[in-house]
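Trainee: missing the sequence, but the structure's below:
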């Protein structure tokens, strides 16, 4: 991984968005279109705010949604497809296509199959992701399934993940956080040609430490990023604060 550390989250976010926009523009220039994965959550607010203003031919881009709670309608304030529509899709002058995860589909397994069939037809050029407080990638909580080759799967959310969602203000209590979600698998995230991982905030420092300085292990799902050949990790001073050998 290439690690970039900034004094403030605002400059970190601008740099991460700039990297993603550059990758998309170059891909569209060479191939005529691009496929993008977008994560959600509080950690992506500033990066996405920069990305929607970037000079990208968005009408040539397909956006794939990373994960969503099972049973949650899009009208719910915590819905991640609502998040993406409001913060990205509806703010672009045009967009090639948006492929959301329908969390309240009547059959989650069938929804995984539908999404898997769609994303398996394309090469993902850029994945913009984050890392959870418990080291998760997407909603792949520890111990994550590193072996499955299914693009999307139904996962159980652990208590640390659910407490993070409550702590970020998406739900009033931890009991209100759904216990299951549809998530892109770790293996399929790693199939992306390029990964831009944006991780601000002191509460992510422990996860960043284990992601970068520990072994690759399902107990720290984000550690799998060590095996990707084209991953840029963007940190602010707070999220990089526990690294024993900070990278400048």
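Mentor: That came through, no problem. Predicted model, so just to flag it, every value in this text is computed and none were measured. Numbers count the residues shown, from 1 in each chain.
Trainee: and the lowest-mean-pLDDT helix or strand in the chain, what does it pack onto?
Mentor: Every helix and strand in the chain was compared by mean pLDDT, DSSP states H and E; the lowest is helix 159-167, with a mean of 85. Applying 3 or more C-beta pairs under 8 Å, 6 or more residues apart in numbering; DSSP states H and E, we find helix 159-167 packed against no helix or strand. Where you see a C-beta, it was placed from the backbone N, CA and C, and this is true even at glycine.
Trainee: start the count at 39, not 1, going forward
Mentor: OK, 39 is where the count begins now, so the last one is helix 197-205.
Trainee: which element follows that helix toward the C-terminus?
Mentor: For helix 197-205, the succeeding helix or strand toward the C-terminus, using DSSP states H and E, is strand 218-222.
Trainee: now the strands: where do they sit in this structure?
Mentor: For the chain, the strands defined by DSSP state E occupy 40-44, 72-76, 99-103, 105-107, 135-137, 164-167, 190-194, 218-222, 232-237, 269-274.
Trainee: Name every strand pairing with the first one and say which way it goes.
Mentor: Taking DSSP bridges as the criterion, strand 40-44 sits next to strand 269-274 (parallel) in its sheet.
Trainee: Kindly report the same for the fourth one.
Mentor: Looking at strand 105-107 with DSSP bridges, its partner strands are strand 218-222 (antiparallel).
Trainee: pLDDT of the partner strand, averaged?
Mentor: Mean pLDDT, strand 218-222: 96.
Trainee: Give me the buried positions along it.
Mentor: 219-222 (16 or more other C-beta atoms under 10 Å).
Trainee: any idea which helix is longest in this protein?
Mentor: As assigned by DSSP state H, the longest helix anywhere in the chain is helix 47-69.
Trainee: What is that one packed up against?
Mentor: Applying 3+ C-beta pairs under 8 Å, 6+ apart, one finds that helix 47-69 makes contact with strand 40-44, strand 72-76, helix 83-89, strand 164-167, strand 232-237, strand 269-274.
Trainee: now the least confident helix or strand of the chain against strand 218-222, angle please.
Mentor: Interaxial angle, helix 197-205 versus strand 218-222 (axes from the mean of the first three to the mean of the last three C-alpha atoms, to 10 degrees): 100 degrees.
Trainee: Please enumerate residues in contact with helix 197-205?
Mentor: 116, 170-172, 174, 177, 179, 209-212, 214-215, 217, 241 (C-beta atoms under 8 Å, 6 or more residues apart in numbering).
Trainee: Flag the shaky bits of the chain, pLDDT-wise.
Mentor: Scanning the chain for pLDDT under 70 picks out 283-286.
Trainee: repeat that for 90
Mentor: 79-80, 195-210, 212-216, 283-286 (pLDDT under 90).
Trainee: rewinding a little: just the buried positions in the least confident helix or strand of the chain, please.
Mentor: Neighbour count says helix 197-205 has 199-200, 202-204 buried, by 16+ other C-beta under 10 Å.
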